[in-house]
Structure formats: C-alpha cells, structure tokens
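Engineer: Here is a sequence together with a model predicted from it:
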Amino acid sequence: MVFVSYRRNDTGMVAVDVARELRETIDSSVFFDLGSIGLGKRFNVEISEALSRCSVVVVLIGRRWAGEAAGTRRIDEDDDVFRREVEAALSSTAEVIPVLVGDLDRIDATELPPTLRPLVERNWHRIRLDNKWEAIRALVGVVAGLVEQKRLERIYGNTTSRESAMYRTLFDPSKASGADIPRADLAAAATMSEDAIFRINVAMATERPLILTGPEPTECDAMAHSIASVLGWRAYAYAFSATNTGRDLLYSVDDTRRLADAQAGTALRDVYAYIEPGALWWAVDAKTASRRGSTDRTVPKALDPSFSPSRQRAAGAVVVFSGEFPRNIDEYLRVLRLKQFVVREAGLSIRGVNPVFAILSTGDLRAVDPALRRQAIVLYMSPPTEAQLVEMACRATAMDPELIKTVIQEGLRLQHVSDRNEPLTSRTILDALAAVNAMRMTTGADSPDLRMLLELLIPR
C-alpha cells in the first residue's frame, strides 16, 4: 500500500493529483484520506491501520506544512494528525519520500520537532507548479519501483540470487553470451532484478504481452532491446503515432507503384511483387515474408527490417511496440497470439509456428487501455540507483571504475542541485562515458568540462 500524507490547507490540491496518478498507474492500493475512509469510521484508527500496512509513504510539504495560525504551529502539538502520520512513517519499515511542493527550497531541521528531524536526512523530490505533471509522473515512477522492490523482498527475502529460482527459465540473462549481443544489452541484462526476470518468464510462458513502464521511456526501450538480445531472437520495433496507426503492421500494398507500372505498360503480373510485409508478418513467419508470400522466385525478395539482422534463422521473434497506442492494438496482439492472418489482396493465409513475444514500452501506463493492462504482465522500470548505474557501466565499458563512479556521482549531484525531475538513466551515463573517452576529457569532482557535458546530456 502507498500512503499519501499531506496538510489540506497546504498541499491539498497537489495531493489530489498525486493520489489520482498513483491509483491510475500502479498495481497497489493507495490510501488517501479523501475516499479511503468510510463514513462513520474512526479517522485516527483508519490512518494508523493504513500506515501499519503501507510499504511507501509520500509526504507532501509546502510552505504552510507547519500549520501556522495566530502565532502557533499545529506541527508542534502532539495531537496534530499530520505530525502523527509522519512520526509513524519514520518509525516503520516503509520507504518515506519527502516531496517539496511549490517554491519551497528546503526544510530546516531546527524548525522541526525532534521526532520529525530524520525526515530532513532523506533524499527529497520536488514538484514545482510550472512542471507539475512531469514531476508527479516522475514521482509515481519512483514509487512504483519501490512498491515492486518491497513486494520482491516479501517473496524472496533480501536475496536477489538467481539460484533462488525454482522454475525452468525461458529467459535467463545469466546464460547470455555471444559476440552479436551488444555489451550495453549484456550489462542491462546482468543488472535485472529477480522480480523482472520472473515477470518476463511468466509473460513468455503464458504468451501474454509484457508492458514495460516507468518515468523514463529510454530505460523501457533499453530493457526491451536487452530482452531481445538475451533471447537471441529476431527483433522488430514499431512506433505508433497520429499518422502511423498500425495499418502497415501486417503488410501494405503499393497501389501507387502498381498503377504507375500499369500505365507505363510495365506492370508485373504477380500482385505479390507490390506487397510489402510488415513487422508482424516478419515476426510470425519470416520465410514467407522474405518472399512476399509468393512461390514465384522471380518476385524480388523483401528486406528484413529486424534490428537484429544477424539472427535471421532464430527460433523466435520479439516485437517492441512504442508511441501512442491505438485502441485497436489488441487486434494486432491477437495476430501474434494466434500466429496467423490473411493477406486479402492475394487470398493468402499466413500461419506461423515459431514463438513470438510482444513487448509494449511506454513512459505512461495510462496510455495502455485498462482492458489490455489486465491481460498483460506489467514490469515497472524504476530509476536505477547509484550502485546499479555503477555496475551497469562497469559491465558495459572497459573504463576505470573510479572514473565511472566520478561521472555518476557528478551526474546525481547536478540532478539534485538543479531540480531536474528526470531520473539519471543508464543511457545518459553510457553517453557521458563515451564522450569522456572519445574527447579524452579531464574528469574530477571539480571538472568544468564534465559538468558542462552532463548539463547537456541530463534533460531539464
């Protein structure tokens, strides 16, 4: 459970937005006093019971969080509900996230009751009103990751060893090897959590789509590519947009060229020559796609659009969807499940036998239809920790570990002092290290070149 703690006359409006985003995004109950406490229920009892069950507490703090009125402060009183909520959270095993709202820059520990001062020691998040929604969604992504981490600890304890897996793995990053696997993909796979590996295996075993979601879309995309690389399957990417609605996912027919050829008297008799197989056709049956469905060897071959062309003979395929998902995306996923469809213009039935794994990558889970969400396996990509970034970078590059730590620590420091709500991603760190190496850049905690480089790479 996630608990949202706030003072109504301070951050009440923002609290409503945060609670709504949490409820719409994460698969966990959210306690928010408006709507979570039934009529006639004892307020203090309900709050105490909820706090005892929660794994994450979000504490919203604005300029009036102390409850000042007529020269007194509510927060100094023992019966202040907000104070009691924070005290209970700090004394529990829950993760407590202080969130500064509006133009509040910092919390002064000397102005707090002694029992609340540990709150100042925790890393905080900021929600400014000029970028409220971006900041809230970044917060929700962090909370989702913490909820998953706590759930994982309840299942596996504190161990993350893959030796604890008591099932036959269809996807096992520890066995990944091969010169055709990019080093960055191997590094990302090596740092996957036990929970992530389990969810990927369940999605593959049940042939359900896997939804990768989190506050940073590039992390989701990187994970999708890493999964395809580890599996050693052919991989296809398709980005939906307002103009790219998926009609060419199965195939398209070049009627314009066909008409031009007919007018010029050079039209090919075989309609297959004008058929262009889409990503789903290639995924379901690459052999017929390469021949455009024709048995006539004079028909020119189609070009495989896989971003892993070296795996043309692989046993399966991965299709990665991103962008603005249309409402009818389930129709395309159904094709992947059944591994069959019809090319109507040619009266041709396509039937595949090899496994196909569908992955939906999105930075906003609300972009996925709720009905589809219930039929999919959801994997939350929480922002990587400093330790995870260091491990990933050390595995992905041959650079000095101390240099890697310096770059990551400077990136985290810059992110903190400049109020960047976007998390520091593995892609940013790998790009920074590549630039440092290529430019022979002098690095160090006080290096102006490194600071300027990170200023350019870390989005505001």
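Structural biologist: Good, I have the coordinates.

Engineer: how far away is the residue of the chain most remote from its centre from Met204?
Structural biologist: In the chain, counting by C-alpha atoms, centre = their mean, Gly265 sits farthest out from the average C-alpha position, at 52.4 Å. Distance, Gly265 to Met204, using C-beta to C-beta, to the nearest Å: 51 Å. Bear in mind the C-beta positions are built from the backbone N, C-alpha and C, glycine included.

Engineer: go on, Phe325?
Structural biologist: Taking C-beta to C-beta, one finds Phe325 at 21 Å from Met204.

Engineer: and what of Leu454?
Structural biologist: Leu454 is 38 Å from Met204, by C-beta to C-beta.

Engineer: Those two: which has the busier surroundings?
Structural biologist: Comparing Leu454 with Met204 by other C-beta atoms under 10 Å, the one with more neighbours is Leu454, at 24 against 19.

Engineer: for the more buried one, what are its contacts?
Structural biologist: Going by C-beta atoms under 8 Å, 6 or more residues apart in numbering, Leu454 touches 407, 410-411, 414, 432.

Engineer: got it, and Pro383?
Structural biologist: Applying C-beta under 8 Å, 6+ apart, one finds that Pro383 lies in contact with 141-142, 145, 214-216, 219, 423-425.

Engineer: Please name the bridge partners of the nearest residue to Val378 once chain neighbours are set aside.
Structural biologist: Of all residues not flanking Val378 in the chain, Ile211 sits nearest, at 4.7 Å (C-beta to C-beta, 6 or more residues apart in numbering). According to DSSP bridges, the residues that bridge with Ile211 are Leu360, Val378.

Engineer: Just the CA coordinates for the helix or strand hosting Leu259, please, in CSV.
Structural biologist: In the assignment (DSSP states H and E), Leu259 maps to helix 255-264. Taking C-alpha atoms only, helix 255-264 is exported to CSV below (Å, rounded to 0.1, in the frame of the first residue of the first chain):
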residue,chain,number,x,y,z
ASP,A,255,-1.1,0.6,-55.2
THR,A,256,0.6,3.8,-56.4
ARG,A,257,3.5,2.0,-57.9
ARG,A,258,1.2,-0.7,-59.3
LEU,A,259,-1.0,1.9,-61.0
ALA,A,260,2.1,3.7,-62.4
ASP,A,261,3.5,0.4,-63.7
ALA,A,262,0.2,-0.4,-65.4
GLN,A,263,0.0,3.0,-67.1
ALA,A,264,3.6,2.5,-68.3
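
Engineer: what's the distance between the residue farthest from the centre of the chain and Val253?
Structural biologist: The gap separating Gly265 from Val253 is 20 Å, by C-beta to C-beta.

Engineer: How about Leu424?
Structural biologist: In terms of C-beta to C-beta, Leu424 sits 46 Å off from Val253.

Engineer: Check the separation of the first and last residues in stretch 168-185.
Structural biologist: End-to-end distance of stretch 168-185 (C-alpha to C-alpha, to the nearest Å): 23 Å.

Engineer: Adjust the sequence numbering to begin at 32 for everything that follows.
Structural biologist: That works, and once the first residue is 32, the last one we named lands at stretch 199-216.

Engineer: For that stretch, what is the distance to the chain centroid?
Structural biologist: Offset of stretch 199-216 from its chain centre (C-alpha atoms, centre = their mean, to the nearest Å): 20 Å.

Engineer: swap in stretch 324-341?
Structural biologist: With C-alpha atoms, centre = their mean as the basis, stretch 324-341 stands 33 Å off its chain's centre.

Engineer: what's the answer for stretch 266-283, then?
Structural biologist: Using C-alpha atoms, centre = their mean, the offset of stretch 266-283 from its chain centre is 21 Å.

Engineer: average model confidence for that stretch?
Structural biologist: Stretch 266-283 carries an average pLDDT of 84.

Engineer: What residues sit buried inside it?
Structural biologist: Under the neighbour-count criterion of 16 or more other C-beta atoms under 10 Å, stretch 266-283 has 266-269, 271, 277, 279-282 buried.

Engineer: which residues sit against it?
Structural biologist: 256, 259-260, 306-314, 336-339, 342, 348-357, 359-360, 363, 366, 372, 374.

Engineer: returning to what we had before: return the closest of the buried residues of stretch 266-283 with respect to Val132.
Structural biologist: For the buried residues of stretch 266-283, the minimum distance to Val132 (C-beta to C-beta) is 34.3 Å, reached by Phe271.

Engineer: Show me what the top helix by length along the chain is packed against.
Structural biologist: Once the chain is assigned using DSSP state H, the helix that runs over the most residues is helix 163-187. In terms of contacts (3 or more C-beta pairs under 8 Å, 6 or more residues apart in numbering; DSSP states H and E), helix 163-187 is packed against helix 39-56, strand 87-92, strand 126-132, strand 156-158, helix 225-237, strand 408-411.

Engineer: Sort out for me which of the contacts of stretch 266-283 are in helices.
Structural biologist: Among these, the members falling in helices (DSSP H) are 256, 259-260, 310-314, 360, 363, 366.

Engineer: Let me have those residues in TSV, extended by distance to Ala220.
Structural biologist: TSV is the format used below for those (distance: C-beta to C-beta, whole Å):
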residue	distance to Ala220
His256	10
Ala259	11
Ser260	7
Ala310	23
Leu311	25
Trp312	28
Trp313	24
Ala314	21
Ile360	27
Tyr363	27
Val366	28
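
Engineer: Output those residues in CSV; the columns should cover distance to Ser478 and neighbour count.
Structural biologist: Output for the ones in helices among the contacts of stretch 266-283, formatted as CSV (distance: C-beta to C-beta, whole Å; neighbours: other C-beta atoms under 10 Å):
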residue, distance to Ser478, neighbour count
His256, 31, 22
Ala259, 37, 28
Ser260, 33, 25
Ala310, 44, 24
Leu311, 49, 28
Trp312, 51, 27
Trp313, 47, 24
Ala314, 46, 30
Ile360, 46, 20
Tyr363, 49, 22
Val366, 52, 22
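
Engineer: Domain boundaries for this structure, per the record?
Structural biologist: For the chain, automatic domain parsing gives the domain ranges 33-186, 207-411, 417-488.

Engineer: tell me the average confidence for the first one?
Structural biologist: Confidence for domain 33-186, expressed as mean pLDDT, is 83.

Engineer: Measure how far it is from the centre of its chain, please.
Structural biologist: Relative to the mean C-alpha coordinate of its chain, domain 33-186 is positioned 24 Å out (C-alpha atoms, centre = their mean).

Engineer: In a helix, Ala389, correct?
Structural biologist: No - in this structure, Ala389 is strand, not part of a helix, as judged by DSSP: H, G, I helix; E, B strand; the rest coil.
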